[in-house]
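Peer 1: Just the structure for this:
(chains A and B)
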Amino acid sequence: DTGVSQDPRHKITKRGQNVTFRCDPISEHNRLYWYRQTLGQGPEFLTYFQNEAQLEKSRLLSDRFSAERPKGSFSTLEIQRTEQGDSAMYLCASSPRLQETQYFGPGTRLLVL
Amino acid sequence: GENVEQHPSTLSVQEGDSAVIKCTYSDSASNYFPWYKQELGKRPQLIIDIRSNVGEKKDQRIAVTLNKTAKHFSLHITETQPEDSAVYFCAVAGGTSYGKLTFGQGTILTVHP
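Peer 2: Reported below is the predicted structural model:
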């Protein structure tokens, strides 16, 4: 499968724990995006990278959230001290150079108990 | 920031009928307008997109129209089939929100056989 992949697909954690998600974009896509989607809503933008540079962060991204894309390939999203309100689907998308089209991964569903 | 409104929130049609979903946006500098289909538990999948220099685009049974002056765009599905049943999201990018997508709230389309 040459599409965007995410790992894990599901994560259950207890409030206060840290979690980390991984996204592998389509090969040679230089832009990578993270979104959060709650039930019945459209995805909400969190942050995006062009190569290894993080170019924009949403106000939704509190200081408990951090994202990296160290070598301009895969990306990680870490949530520290999780809260029940963090329960959502975390989606990753990637875009090829000079194109706006974003291709989404299958998402990581997080449940914070 | 960009604001996207999508209507209706639910749409029920008989197989073979047409379905129309409308979105309005606020940032007149926005220039990219994709539509995504999301089936239950699956990733959003791009079904059609349009750029601001084009007024209409068709792909088989699916079409999108854009009115830049009024800042709204619509998805048209003709000859609907049960497999068209899903949640449809419009999105907007460009202008002051370059790179990131701002999504509408979604439309649950149900096509009855």
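Peer 1: in the sheet, who's paired with B:V20?
Peer 2: B:H76 (DSSP bridges).
Peer 1: Now for it: which residues touch it?
Peer 2: By C-beta atoms under 8 Å, 6 or more residues apart in numbering or on different chains, the residues touching B:V20 are B:74-77. Using the backbone N, CA and C atoms, a C-beta is placed for each residue, glycine as well.
Peer 1: quick one: which of those residues is nearest chain A?
Peer 2: Minimum distance to chain A across the contacts of B:V20 is 14.0 Å, recorded for B:L75 (C-beta to the nearest C-beta).
Peer 1: Just the pLDDT for that closest one.
Peer 2: With respect to pLDDT, B:L75 scores 98.
Peer 1: check contacts around it.
Peer 2: Taking C-beta under 8 Å, 6+ apart as the criterion, B:L75 is in contact with B:19-22, B:35, B:48, B:62-64, B:88, B:90.
Peer 1: Could you dump those into JSON lines with secondary structure and pLDDT added?
Peer 2: JSON lines is the format used below for those (DSSP: H, G, I helix; E, B strand; the rest coil; pLDDT from 0 to 100):
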{"residue": "B:A19", "secondary structure": "strand", "pLDDT": "98"}
{"residue": "B:V20", "secondary structure": "strand", "pLDDT": "98"}
{"residue": "B:I21", "secondary structure": "strand", "pLDDT": "98"}
{"residue": "B:K22", "secondary structure": "strand", "pLDDT": "98"}
{"residue": "B:W35", "secondary structure": "strand", "pLDDT": "98"}
{"residue": "B:I48", "secondary structure": "strand", "pLDDT": "97"}
{"residue": "B:I62", "secondary structure": "strand", "pLDDT": "98"}
{"residue": "B:A63", "secondary structure": "strand", "pLDDT": "97"}
{"residue": "B:V64", "secondary structure": "strand", "pLDDT": "97"}
{"residue": "B:Y88", "secondary structure": "strand", "pLDDT": "98"}
{"residue": "B:C90", "secondary structure": "strand", "pLDDT": "98"}
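Peer 1: Neighbour-wise, give me the winner out of the residues you listed.
Peer 2: B:C90 (29 neighbours; other C-beta atoms under 10 Å in any protein chain shown).
Peer 1: and the residue of chain B nearest chain A?
Peer 2: B:F103 (3.1 Å).
Peer 1: Which positions in chain B make contact with chain A?
Peer 2: B:6, B:32, B:34, B:36, B:42-46, B:49, B:51, B:89, B:91, B:93-94, B:99-106 (C-beta under 8 Å from any C-beta of the partner chain).
Peer 1: Who are the packing partners of the lowest-mean-pLDDT helix or strand in chain B?
Peer 2: None of the helices or strands of chain B scores lower by mean pLDDT, DSSP states H and E than strand B:97-103, at a mean of 81. Taking 3 or more C-beta pairs under 8 Å, 6 or more residues apart in numbering or on different chains; DSSP states H and E as contact, the helices and strands that strand B:97-103 lies on are strand A:31-37, strand A:44-50, strand A:53-57, strand B:30-38, strand B:86-94.
Peer 1: Listing partners with orientation, what would you give for the first one?
Peer 2: Taking DSSP bridges as the criterion, strand A:31-37 sits next to strand A:44-50 (antiparallel), strand A:88-95 (antiparallel) in its sheet.
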